[in-house]
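Peer 1: Mind folding the following:
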Amino acid sequence: MQWTSWGVLMANSNPPKKNQAFVTYVCVRDATDNLSLKSTPTIAAGDFKISKDGGAFANLTTLPTNTPASTVSIKLDLSATEMNADNVLITWIDQTSTKEWADGWLEINTTA
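Peer 2: Next comes the predicted model:
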């Protein structure tokens, strides 16, 4: 399991496998109170990006969703193509000027 600044990685396979679709959940911190998790965060295209093996960042294919609704949980649904790397880095940066939630990251190391 990998740790982020937000907690332990919970996933559909452990360890995550290279070139296999992968679902996991993360939480974001409230930008106004970095000690609290943000409930029902607004997520827009461009907020969550992926870098594979140190390559250029790109938007995730599937926009993350607040799942279950009205909670702090955000579902990341990564495709097999997005997981086709030894090291996958997901970053999240609120692109709005009001900054509803704080920046964060998740590193996923895959296995064969």
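Peer 1: Tell me where the model's unsure across the protein.
Peer 2: 1-13 (pLDDT under 70).
Peer 1: which ones are touching the most far-flung residue of it relative to its centre?
Peer 2: Each residue of the chain has a distance to the centre, and by C-alpha atoms, centre = their mean the biggest one is for A112: 21.4 Å. Going by C-beta atoms under 8 Å, 6 or more residues apart in numbering, A112 touches 17-18. No exception for glycine: its C-beta is placed from N, CA and C like everyone else's.
Peer 1: likewise N66?
Peer 2: 40-41, 43, 73-75.
Peer 1: Quick one: buried ones out of those?
Peer 2: Neighbour counting by 16 or more other C-beta atoms under 10 Å classes 41, 43, 73-74 among the contacts of N66 as buried.
Peer 1: now the closest residue to L35 other than its chain neighbours: how far from G54?
Peer 2: Once flanking residues are discounted, L35 sits nearest to R29: 7.7 Å by C-beta to C-beta, 6 or more residues apart in numbering. Per C-beta to C-beta, to the nearest Å, R29 is found 26 Å from G54.
Peer 1: quick one, which of the two is more surrounded?
Peer 2: R29 (19 against 9; other C-beta atoms under 10 Å).
Peer 1: I figured that one hits G104, correct?
Peer 2: Yes. With contact defined as C-beta atoms under 8 Å, R29 counts as touching G104 (7.1 Å).
Peer 1: hey, C-alpha coordinates of stretch 22-37 in CSV?
Peer 2: The C-alpha coordinates for stretch 22-37 follow below in CSV (Å, rounded to 0.1, in the frame of the first residue of the first chain):
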residue,chain,number,x,y,z
PHE,A,22,-7.5,0.5,-11.4
VAL,A,23,-10.0,2.1,-9.0
THR,A,24,-9.1,3.8,-5.8
TYR,A,25,-10.4,6.6,-3.5
VAL,A,26,-8.8,9.7,-2.2
CYS,A,27,-9.9,12.7,-0.1
VAL,A,28,-8.9,16.4,-0.4
ARG,A,29,-8.3,18.9,2.4
ASP,A,30,-10.5,21.9,2.8
ALA,A,31,-8.5,24.9,1.5
THR,A,32,-9.8,27.2,4.3
ASP,A,33,-9.1,24.6,7.1
ASN,A,34,-6.2,22.3,6.1
LEU,A,35,-7.1,20.1,9.1
SER,A,36,-10.5,19.1,7.7
LEU,A,37,-11.4,17.0,4.7
